[in-house]
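Undergrad: Just the structure for this:
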Amino acid sequence: MDISPALLASIRAAAEAAPDNVELRVHLGELLLTSGDTAAAITEAGRALMVDPHSEQARSLMARALDVPPPPASPAPSGTGPLSSGSDRAAPEEPPAPSAGFDWAAAEEEVRGIAEPRFRSPSPGDPVLPVHDVERPTLTLADVGGMEHVKQRLEAAFLAPMRNPELRRLYAKSLRGGLLLYGPPGCGKTFLARALAGELGAHFLSVGISDVLDMWVGSSERNISAFFDQARRTAPCVLFIDELDALGRRRGASSGPGSTVHQLLTELDAVDRDNEGLFVLAATNQPWDVDPALRRPGRFDRTVLVLPPDAPARRAILEYHLRDRPIEGIDLANLVERTDGFSGADLAHVCDTAAERALVDSAHSGEVRMVNMADFEAALGDVRPSTGPWFDAARGVALFANEGGAYDDLVAYLRGRGRG
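TA: Here you go, the predicted structure:
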């Protein structure tokens, strides 16, 4: 049957003008289906069902457009259905067909107030649980090249008391409190903390500012508490807090309320909690910005300066970053000598830059070549040590605000390099 395009256009315009008119939508769909435009008929049937999901005409149109049997008609209301032969009573209604799937909404309604719903949106008052898994590091301090001074401080602060419980009791050596690693960025503070956990045979849980700070009032404090609780449950555990200056910033130095400082103090003091087997380490590039209350005895009362890697450490770092690269004629001793003052991250950048130069050269020439000393000469001309600005900022604090000798190690280092 041919349907006039003008008629279709007229009825479509009327349907658009009255979008809630189900009968008009169905009539338009019937005409479209008759004219052979099945896709448009399905669209109109769908629009009608959006307005009235129980419309028998729309359901029948949809079934015919999809070439499936039409759905059974809904049972008539009681008293209006067909009468059985010889009786004035309505025929019994057919039982409803079983649902194709489990009715989760009905089940949740039955257990409302007993069990939590399957899905929910977080609200500001909800406790925020840690999102990081607890690690079990396999590396130890033996895997850290050089840095003997740092290893000795870690040995005295944690390892010796742990390995000798009898001596610890004899000398009344307490394991309470935490250890603060400070120094220029990129010098391996996180790596050292992970190695210490491996040395202790303990779990390792690393926490950063993005894991803690939250826009909702009280959520940051709950996050801190949750991380400490998780570390206690997996004791022995090294809880490593990165960028302590951001979470424990000196109160009064910023517009923040310092509530995260209060929570850290509560967890470290652990008046109503057991911190046995919990070893708290923190790292910062700016220890002078950490709130003094966090530096008192029983908290982060021990500090270790993590300086740029010394010669043995630089050699180990360079060997590590060159181990899987095609190299030839590399004068490692020369590189170690010329990278004094470079951080571990700087050394990795030097190796990447040299390898990149060889890669680009190989791509241009069409012949693969090895990474050689010429590539490193060029890389050293481009890469400068990133630790300089940190030492410039730290120098004034170490020389003129060294309260209680907190930065004696840093002062000695600066004077040894003629910067004191």
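Undergrad: domain ranges for the protein?
TA: With domains defined by automatic domain parsing, the chain comprises 5-65, 141-305, 311-382.
Undergrad: Distance to residue 109 and mean neighbour count for these - can I get that in JSON lines?
TA: (C-beta placed from N, C-alpha, C; glycine too.) As requested, the domains of the chain are arranged in JSON lines below (distance: least, Cβ to Cβ, whole Å; neighbours: other Cβ atoms under 10 Å):
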{"stretch": "domain 5-65", "distance to residue 109": "21", "mean neighbour count": "17"}
{"stretch": "domain 141-305", "distance to residue 109": "30", "mean neighbour count": "18"}
{"stretch": "domain 311-382", "distance to residue 109": "56", "mean neighbour count": "16"}
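Undergrad: Would you mind saying which of those lies nearest residue 408?
TA: domain 141-305 (9.2 Å; Cβ to Cβ).
Undergrad: Reformat the domains of the chain as TSV; add distance to residue 409 and mean pLDDT.
TA: Below are the domains of the chain laid out as TSV (distance: least, Cβ to Cβ, whole Å; pLDDT from 0 to 100):
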stretch	distance to residue 409	mean pLDDT
domain 5-65	73	82
domain 141-305	4	84
domain 311-382	17	94
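Undergrad: Compare the ones you listed and report which one is nearest to residue 404.
TA: Closest to residue 404 of the domains of the chain is domain 141-305 (Cβ to Cβ; 9.2 Å).
Undergrad: From one end of the closest one to the other, what's the distance?
TA: 16 Å (Cα to Cα, to the nearest Å).
Undergrad: can you check stretch 363-372 too?
TA: The straight-line separation of the ends of stretch 363-372 (Cα to Cα) is 16 Å.
Undergrad: ok, and what's touching it?
TA: 322, 325-330, 354-355, 357-358, 361-362 (Cβ atoms under 8 Å, 6 or more residues apart in numbering).
Undergrad: Distance to residue 206 and secondary structure added to the residues you listed, as JSON lines?
TA: Listed next are these as JSON lines, based on distance: Cβ to Cβ, whole Å; DSSP: H, G, I helix; E, B strand; the rest coil:
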{"residue": "322", "distance to residue 206": "27", "secondary structure": "helix"}
{"residue": "325", "distance to residue 206": "28", "secondary structure": "coil"}
{"residue": "326", "distance to residue 206": "34", "secondary structure": "coil"}
{"residue": "327", "distance to residue 206": "33", "secondary structure": "strand"}
{"residue": "328", "distance to residue 206": "38", "secondary structure": "coil"}
{"residue": "329", "distance to residue 206": "39", "secondary structure": "coil"}
{"residue": "330", "distance to residue 206": "34", "secondary structure": "coil"}
{"residue": "354", "distance to residue 206": "31", "secondary structure": "helix"}
{"residue": "355", "distance to residue 206": "29", "secondary structure": "helix"}
{"residue": "357", "distance to residue 206": "34", "secondary structure": "helix"}
{"residue": "358", "distance to residue 206": "34", "secondary structure": "helix"}
{"residue": "361", "distance to residue 206": "39", "secondary structure": "helix"}
{"residue": "362", "distance to residue 206": "38", "secondary structure": "helix"}
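Undergrad: Next, format the domains of the chain as JSON lines and append distance to residue 406.
TA: Listed next are these as JSON lines, based on distance: least, Cβ to Cβ, whole Å:
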{"stretch": "domain 5-65", "distance to residue 406": "70"}
{"stretch": "domain 141-305", "distance to residue 406": "6"}
{"stretch": "domain 311-382", "distance to residue 406": "22"}
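Undergrad: Minimum distance to residue 417: which of these has it?
TA: domain 311-382 (8.5 Å).
Undergrad: Return the distance of that closest one from the chain's centre.
TA: Offset of domain 311-382 from its chain centre (Cα atoms, centre = their mean, to the nearest Å): 32 Å.
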